Each structure stands twice: as C-alpha cells, then as structure tokens.
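Peer 1: Okay, predicted coordinates and the sequence, questions at the end:
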Amino acid sequence: MVGIIAGCLTTFALAPQVIKLMKYKNTKSISLIMCIMQITGVFLWLVHGLMINDFAVIFANEVSFIFISIILLYKIKYK
C-alpha cells in the first residue's frame, strides 16, 4: 500500500506540468536532457517492475512514462 501511495504521488506530480504545457505550449524552461534521462529511467523502472511482477512499480512507471512522453513530445514540437 505504501508503494502504491508513493507511486501515485511521484507519478501524478508530473500532471500539472503536462497540463501547463498543453495550455501554454511553452517548453523553454524544460531541459531536453532531463526529459531524455527521465524517460530512460522510467522505462528501466517499468522493465524492472515487469521482471519482478510488482504492480505498484509497473503502474507508477506506466503512468510516468506516458506523462514524460507527452512532455518530451511537447519539448520537441515547441522547441
């Protein structure tokens, strides 16, 4: 249960950034390198979660992967 709560908090912390990007389409202050590092790390955590069959790790990183993918796409599109 602690893992699910922690995963939800850290995962959904990206939601306000995604909403702000979609609304204003301003990615000037977002680092491309940070986005690439974040998406790589989240992907590796997702693979790890799948390997150990841990729902909390899988769920949190699936959602994080979606959010950071949106941020990265906006960063590339509105550079």
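Peer 2: Everything's here; your move.

Peer 1: contacts and neighbour counts: CA atoms only from here.
Peer 2: Noted.

Peer 1: List the buried residues of stretch 15-29.
Peer 2: By neighbour count on 16 or more other C-alpha atoms under 10 Å, the buried set for stretch 15-29 is 15, 17, 18, 21, 27.

Peer 1: swap in stretch 48-55?
Peer 2: Under the neighbour-count rule (16+ other C-alpha under 10 Å), stretch 48-55 has residue 49 buried.

Peer 1: if we look at it, which residues are touching it?
Peer 2: Applying C-alpha atoms under 8 Å, 6 or more residues apart in numbering, the external contacts of stretch 48-55 come out as 56, 57, 58.

Peer 1: Next step: the residues you listed restricted to helices.
Peer 2: 56, 57, 58 (DSSP state H).

Peer 1: follow-up on the earlier one: could you export the buried residues of stretch 15-29 to TSV, including columns for distance to residue 74 and secondary structure?
Peer 2: Output for the buried residues of stretch 15-29, formatted as TSV (distance: C-alpha to C-alpha, whole Å; DSSP: H, G, I helix; E, B strand; the rest coil):
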residue	distance to residue 74	secondary structure
15	14	helix
17	11	helix
18	9	helix
21	7	helix
27	7	coil
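
Peer 1: Would you point out the most distant pair within the residues you listed?
Peer 2: By the measure C-alpha to C-alpha, 15 and 27 form the most distant pair in the buried residues of stretch 15-29, at 14.9 Å.
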